[in-house]
Structure formats: C-alpha cells, structure tokens
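[1] Below are the sequence and a predicted model; questions follow.
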Amino acid sequence: MTATEAIRPAAQTPAGKPRRAPRRHWTEPSTWFAAPALVFFGAFVIVPIVVVLVLSMTDWNGLSAPAFNYGGNWSELVTDPGMWHSIWVSLLVMVLCWVMQTPISMLLGVYVAGQQRSRAVLASLFFLPLVLSSTGIGIVWRNLLDPDFGVLAALGLPGINLLGDTDRALYVLIFVVSWQFIPFHTLLYQAGVRQIPKQLYEAAEIDGASPVQKFFTITLPQLRNTIITSSTLMLVGSLTYFDLFYVLAEGGPGDATRILPVNMYVIGFEQYELGYASAVALILVAVGTALSVGLTKYSGFARMRSEQEGA
Amino acid sequence: MRGRLRRLCAIGATLSVSLVASGCAALLPPSEGSAGSLTTWAISGGGEEELMPAEAEAFEERTGRQMRTQFFQNDPYKNKLWVSMGSGNPPDTFFGWGGGALEAFIDAGKAVDLGPEMKKHPEWREKFLPSVMSPVELQGGTYGVPVGGIQPVLMFHNKEVFEQVGVRPPKTWGELIDLIPKFKEAGVLPISLGGADSWTYLMWEEAIVDRVAGAQAFQDVLDGKPGAWMNPDIIKANRMLQDLVDMGAFGNSFSSTSAELGTQRALLNSGKAAMMLHLGSAYSELLGDDEQWVREGNLGWSAFPAVEGGKGDPRNLVGNPTTFMSATAGPQQQEAIDFLREELSSDRFVRGRLERGDVPPVRGIEDELQQSEDREFLTDVYELTERAPHFQQSWDQALAPRPAQEVLVNLQKLFLKQITPVEFSQAMEEVSR
C-alpha cells in the first residue's frame, strides 16, 4: 500500500455501495503540511516578485539609492527597438525549439519504449546529454563548431562560419538546445508509451492494423497528456534558456541571438540598469505564468483526465 | 479550518514583512567593516594573487592591523565588486581597470581621491609613467595607483610567414592594405581576428579611430559632447575598417573565431594567418601555447600602423594602460591609502612584477627589464609606453557600462556589415543621449 493510497481511501470504496463522504482526517492532510512549502514560496517567489515590481519603477544602478521614475522603464520597454527584437527572437526560439524537439523526442521515445536489450543500450546513449552541464555543453559545441579547428574543418570543410553568422547562429543554437533537451523529453515519451495498455495494440493487431496505423490511432491519442506536459515544459522552459545562449554566442553576433533572458542579464549586470532589467524580468514572469496556466487550462490537462477507461 | 488559515496567513505575513524589512536593511548602508581588520579584493590568476599576500603581511607588520586579501575570477569579480559597493559593504582597497566603472563608484561617493595624499608625498606620484594614469584621473582627482603590467595593443606577426611571402611588417595603413592580396595569393589568412569575442573588434576600432581622428575624438565622446560620435573622422575610420573586411583581410569566418578559446592565436602560430592585433598579454599567452616557437624568434610585433594623413600621433597607444588599486571611502580610508602607498607602490612589489614578466608602468626599470629572458618584448613595450603622448584606455572600460555594452554590439554589426559607419555613429549617438 503506497502513501497515495493511504490518504485516498475513497478510491477503495467497494463498488455498489453508495459513496459516503469519507472522514476528513483521512482524506486531507492538515493544511499545516503546506506551511514549509508556503514559507519558501513566499520568501523566494512572492517577496522577490514584489521587490522586482517596485524596482521596475525605479532608476537604479546598484550603487546609489533607487530613484523612482514610475512608468519610465515601462515606456522605454515599449519604445526600445532592441526589446522588440529580443521578444521576436525569443518567440522564434520557443516555436522552433518545439517544432524541432517534439517529433524527434516522440519518435525516439516510442522507439526506446520497446523491451529489446539493444534499445536499452541505445537509450542510455541518447540520455547522455541530459547529464552534462549546460555550460560544458556550450563550451564543447563552441569548439566543435569552430570554423578553423572544429569538426567540419577536420572533415575537410574549413571556413564554415556557423555561430558567427547572423542568419545561421540562431538555428545553430536551437539545434544545440534540442540536442541537450531531446533526451529529457524522450524520457517522458518513453514513460508515456510504456503506460499504454498492451490490449489496445493486441486488439488493433487482430483488426489487422499496420504499425503506422497503430501509431496514429493508439499511441498518439494515448500520449495526449504526455504531449501536453512535454510541450508545457518546452515552451515555458524556452523562456529560461540562458546558459547555452550566453556561453555559445553571448547573444551575438550583434544582437542576433539575444533572447529575453540574455537581454535581461545584459541590461542588469553589464549595463547596470537594474530598474529596467526588473521590468524585463516581470515580463518574463508574466509570459511564463500565462503560458503555463493557459496551456494547462485549455488543454484539459488541469482536469487530469486519464486516457484509459476505468483507471 | 478558517482559524487555521488565518493563523497561516498571519505567519506568512509576519515572515514576509520581516523578510522585506531585512531586504531593506540590506539596501541601507550597514556598519562599516569591523574595526581593526581591512580587506583587499583583487582578481585571481594574475600577479596580484601571487604578490599581494606578502604585501598584506608587510602591512600587518608595519601597522599591527590585519589585512585580509581575497581573490576572485575576472568576470564574476566585476559584478561582485559592483554589488558590494551598492550593498554598502565594500572592501577597503579594490582592484580595477579605472574608467567608467570607477567613475560610477566615485559618483556614488565610494572611492577616495588619492590626490591630496600624493601632494603630501610627491615622490609617490613621480614613480609612475604619466601616460598610464588617465583611467584613474577622473573628476579632477586621482583614484588609483597602477599595480599591473602595461598592456598596449600591438600588431603581432608570424615572421616565418612574412619571410615565405617575402614581405615586411607594415608601418603604414597603405602598406597594410598592399599586403592583404599578397597573403591571400599565398593562401594565408592576412589577419587573424577573434570576432566571437566582441572586444577583439574594439581593439581595431580604438586603434584606427586614434590614428585617423586623433585622441581628442574619443575624449569628446567621453566628455559627452553632443555629436561626438558623428565626427566625420570616426565615420571615415569605420569605413576603412569595413573596406578591410571587404578585402577579405580577416577571411570569411572571423566572427566564429574565438580569442578567449585561443583559436585566434592558434591561427597565427600555426602559420595559417600572418598578423593579429591584440593586447600585449598575447605575448605570454603565445609563450604558454608554444614556448619554443616564440623563443626561436618566430613572433614579431610592432605598433599599430600609422595612417597617412591621419590626425592621430602614430606614437599613441591604445589598450589597457595597466590595472589599478583604489581605496574605498570609510573610517579606515587612511589605512587603506597607506597600504596603497607603502606596500603596493614599494620597490619590492615592482620587483615581484618584473620577475613575473610584467612591465610595470614605473620609471627607471630599464636595467631590470634587460635581465629578463623576454627582454626584447618587455623593453619594446616599456619604450613604446614611455614615448607615447597618449595611451587610450580600452573604450569598454573607459565608457559607462551602458554605452560600453552598446559599442561592442554595434561594432559586431559594423564588422558583419549589418550597419554602415554612419548608422554606427547614429546608434552610438542615440545611446549617449
């Protein structure tokens, strides 16, 4: 008997009997259980957000006392062309990362969900990037992509400028981000696929369904919740990419890859305009929250509807 | 239930209020460091970390007070120092590059003017080469003493490659331009440029603006004169840079080449490239990469070429004149100043720097330099600095943080031809306003 079952005895009510309202102390742990989490949430989320909100209405270089300029930072935000560029690049990254990662990790996940031993070996290889630090990955890729001493040069294709080209750099970065995070999403899909009851496939086989048909009519619909989880993580996560972008390109060349988090860092900690940077941070908070709330609400994820009958 | 919730809210509210209060307390100037002991901050991995602990001990012996030295990595150090100044708990003496950041500290009343003390001890001031002092000569005072080596930007070249192609290092811009097609024909990249690190562009920009427009052009920018960036000579200099890019002087993939990861140097000492413009630190870095190659006399260097008809003195230098130590305003500022004067300006400290292979910007060290294994390079750097009428500090350090950041971004765009020289000046003018 697991802990989950222990606090949910209602699920064990024998069929047929009218459901009684279960006794409270059984179904709900004391609200006090939430206190430590709430305290930390307050101290490290709510309080900083309030402080940032106040700072976003000031001019502050971190040295002298903050001076209130009320909407000054916010109106700068609207008129700053660099900010709009940065929002555009962030959107591009968000969409392209999703488009690149979702199909690959889904297919890989379906593949490694099989029970063959060779797949287990391959799976553990696929997961390698997951355990590396982002900074390490950034430095490694920066060296690999070097036009004079990198992999392509070693293969006899010297002088191919990838990270230094304003048109290509963003796509290269999206590739590296995908390389890093596809293993994680593959893991999600693998778990999702393994939970699909075998009977569904057996029934489909009796009906003479081809593997492709099985994928589209069973696997894909059954993975609905996994797709939503993985997509939410990808989309919201793409708002927090910083390390790879900074290590690989520092938002450059020029400002070609300056996504919002990088822009916030540069404004805050290189230009020391902490008030303005706070305003950018609040935008990130707002967009991130809106995205995850929106995704969970409109996708039906919040209702946690299972795809399986009777479960 | 309701009672419980109310209690929870009360606890939450109390906690957040106390946290906000403590947060505010962090913004207020707290009590200055405990009396008795002083703190010194500098960056790790350089001469400071090697030599300062001994000076701190000397200070303790002389005054009987404790001096704690702490060393940090270069990039995090800048942030840490800035935050410590803002939080009101700064070190008593601190390492820095002078220029815009130091000026921000002065504006906030955090740094002490050493001028009055230098007047009391004229021999202190006399010790240092005057051309390196401009980064700390701010707002009519002197806010630091040199502790580092002189780091002018020099044109390094691979002598082997020059011999193979049968040409000589360029003394003028015209000669440089003539060399580009010759190297390209020989299959050699004329100039190695580590554009993945945007500050490498800055060395070209500083040097050519100085040669074409003269030292006053950038001084006008620093002084905040309206239209200083729109100076036609600055625009002309940037046009010359773009011409150089168009000629293929830097190849096609310079924006992916990295100075920090060493590929810029590797192109030079592998013979794939002929020239490289870099800070003097490239000498010791090349020594570290391949000591034999340097010792066999394959590395050459010279000042940035003169520009025919330019307004700048060809003897002018750009780069990092040196690094500095400054004192923080506070109850212990007198002790901090004494530490700078007695210990960090001592002959013992200078000798330590010389032994490390640095060129300290101190008068009368020619004989000592002659005894070094690297005498050729060190003497050249010393003499170039001694002769220089003006030593322009790197722009990214001279400017305030915001324009410093913007100049790097816009230079990248200029070199990648995303913007024209006029647009560059307009963008910078906009930021300065």
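    Nice, I can see it. Numbering: from 1, shown residues only, chains lettered A, B, ... in the order given.

[2] Please, where are all the strands along the chain?
    You didn't say which chain, so I picked chain A. A:58-59, A:67-68 (DSSP state E).

[3] sorry, should have said chain B
    B:37-43, B:66-72, B:93-96, B:137-138, B:141-142, B:145-146, B:151-158, B:189-192, B:273-279, B:299-302, B:317-320, B:324-327, B:391-393.

[4] related to what we said a few turns ago, relative to chain B, which of the strands of chain A is closest?
    strand A:58-59 (11.2 Å; Cβ to the nearest Cβ). All C-beta spots, glycine's among them, are computed from the backbone N, C-alpha and C.

[5] how about that closest one against chain B, any contact?
    No. Judged by Cβ under 8 Å from any Cβ of the partner chain, strand A:58-59 makes no contact with chain B; its nearest approach is 11.2 Å.

[6] which strands and helices sit next to that strand?
    In terms of contacts (3 or more Cβ pairs under 8 Å, 6 or more residues apart in numbering or on different chains; DSSP states H and E), strand A:58-59 is packed against strand A:67-68, helix A:72-79.

[7] Spell out which parts of the stretch 251-400 of chain B neighbour chain A.
    So far as Cβ under 8 Å from any Cβ goes, the stretch 251-400 of chain B lies against chain A at B:251-258, B:261, B:263, B:266-267, B:272.

[8] In a markdown table: the residues you listed, plus pLDDT, neighbour count and distance to residue B:153.
    Putting these into a markdown table (pLDDT from 0 to 100; neighbours: other Cβ atoms under 10 Å in any protein chain shown; distance: Cβ to Cβ, whole Å) gives the following:
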| residue | pLDDT | neighbour count | distance to residue B:153 |
| --- | --- | --- | --- |
| B:251 | 92 | 23 | 20 |
| B:252 | 88 | 15 | 24 |
| B:253 | 88 | 23 | 23 |
| B:254 | 92 | 27 | 17 |
| B:255 | 89 | 28 | 20 |
| B:256 | 88 | 28 | 22 |
| B:257 | 89 | 29 | 17 |
| B:258 | 87 | 22 | 18 |
| B:261 | 82 | 17 | 20 |
| B:263 | 90 | 22 | 19 |
| B:266 | 93 | 20 | 20 |
| B:267 | 94 | 25 | 18 |
| B:272 | 93 | 18 | 22 |
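
[9] so of the helices and strands packed on strand A:58-59, which one's packed in deepest?
    Mean neighbour count (mean count of other Cβ atoms under 10 Å in any protein chain shown) peaks for helix A:72-79 among the helices and strands packed on strand A:58-59, with a mean of 15.

[10] Distance from that helix to the middle of the chain?
    Remark: helix A:72-79 is offset 28 Å from the chain centroid, using Cα atoms, centre = their mean, to the nearest Å.

[11] Now do the same contact list for residue 93.
    With no chain named, the answer covers chain A. If you count contacts by Cβ atoms under 8 Å, 6 or more residues apart in numbering or on different chains, residue A:93 has them with A:170, A:173-174, A:177, A:238, A:241, A:259.

[12] um, chain B though
    Residue B:93 touches B:38-41, B:325-328, B:336, B:339-340, B:344, counting by Cβ under 8 Å, 6+ apart.

[13] per-residue confidence for residue B:277?
    We have a pLDDT of 96 for residue B:277.

[14] re the thing from before, can you tell me which of the contacts of residue A:93 comes closest to chain B?
    Distances from chain B to the contacts of residue A:93, taken by Cβ to the nearest Cβ, are shortest for residue A:173, at 12.9 Å.

[15] which ones are touching the closest one?
    A:93, A:163, A:244-245, A:248-249, A:257.

[16] Closest one of the residues you listed to residue A:298?
    Nearest to residue A:298 among the contacts of residue A:173, counting by Cβ to Cβ, is residue A:93 at 22.3 Å.

[17] Quick check: the residue of the stretch 101-250 of chain B nearest chain A.
    residue B:108 (3.9 Å).

[18] Help me confirm that that residue comes into contact with residue B:85.
    Yes. Residue B:108 is within contact range of residue B:85, at 6.7 Å (criterion: Cβ atoms under 8 Å).

[19] which neighbours do those two share?
    residue A:63.

[20] So for the two, which sits in the more crowded spot?
    It is residue B:85, of residue B:108 and residue B:85, that has more neighbours when counted by other Cβ atoms under 10 Å in any protein chain shown, with 22 against 16.

[21] now the stretch 251-400 of chain B, which segments are flagged as low pLDDT?
    Within the stretch 251-400 of chain B, not a single segment meets pLDDT under 70.

[22] where exactly do the helices run in it?
    B:263-269, B:281-289, B:291-295, B:333-338, B:347-356, B:366-370, B:375-387, B:395-398 (DSSP state H, counting those that start in this stretch).

[23] Next, count neighbours for the residue in chain A positioned nearest to chain B.
    Here chain A gets closest to chain B at one residue, residue A:164, 2.7 Å apart by Cβ to the nearest Cβ. For residue A:164, the count of nearby residues is 27 (other Cβ under 10 Å).

[24] I'd guessed it sits against residue B:256; true?
    Yes. With contact defined as Cβ under 8 Å, residue A:164 reaches residue B:256; the gap is 3.4 Å.

[25] Name the residues contacting each of those two.
    A:147, B:195-196.

[26] which of the residues you listed tops the neighbour count?
    Within these, neighbour counts (other Cβ under 10 Å) peak at residue B:196, which reaches 29 neighbours.

[27] Chain neighbours aside, what residue packs nearest to that residue?
    residue B:258 (4.1 Å; Cβ to Cβ, 6 or more residues apart in numbering or on different chains).

[28] List the buried residues for stretch B:423-431?
    Residues of stretch B:423-431 classed as buried: B:424-428, B:431 (neighbour count, 16 or more other Cβ atoms under 10 Å in any protein chain shown).

[29] Identify, from those, the entry nearest to residue A:56.
    Closest to residue A:56, out of all of the buried residues of stretch B:423-431 and judged by Cβ to Cβ, is residue B:431, at 21.1 Å.

[30] residues contacting that closest one?
    B:402-403, B:406.

[31] Most neighbours among the residues you listed, which one?
    residue B:403 leads the contacts of residue B:431 on contacts (other Cβ under 10 Å) with 22 neighbours.

[32] just to revisit the earlier point, tell me which of the strands of chain B sits nearest to residue A:66.
    So among the strands of chain B, strand B:93-96 is nearest, using Cβ to Cβ, at 23.0 Å.

[33] distance between that closest one and the chain's centre?
    14 Å.

[34] Partner strands of it, with direction?
    Strand pairing for strand B:93-96, determined by DSSP bridges: strand B:37-43 (parallel), strand B:324-327 (antiparallel).

[35] Same list (those) but as CSV, adding mean neighbour count.
    Compiled in CSV, the strands paired with strand B:93-96 are given as follows (neighbours: other Cβ atoms under 10 Å in any protein chain shown):
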stretch, mean neighbour count
strand B:37-43, 22
strand B:324-327, 26
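
[36] Export the ones you listed to CSV and append columns for distance to residue B:246.
    Formatted as CSV, the strands paired with strand B:93-96 follow (distance: least, Cβ to Cβ, whole Å):
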stretch, distance to residue B:246
strand B:37-43, 39
strand B:324-327, 39
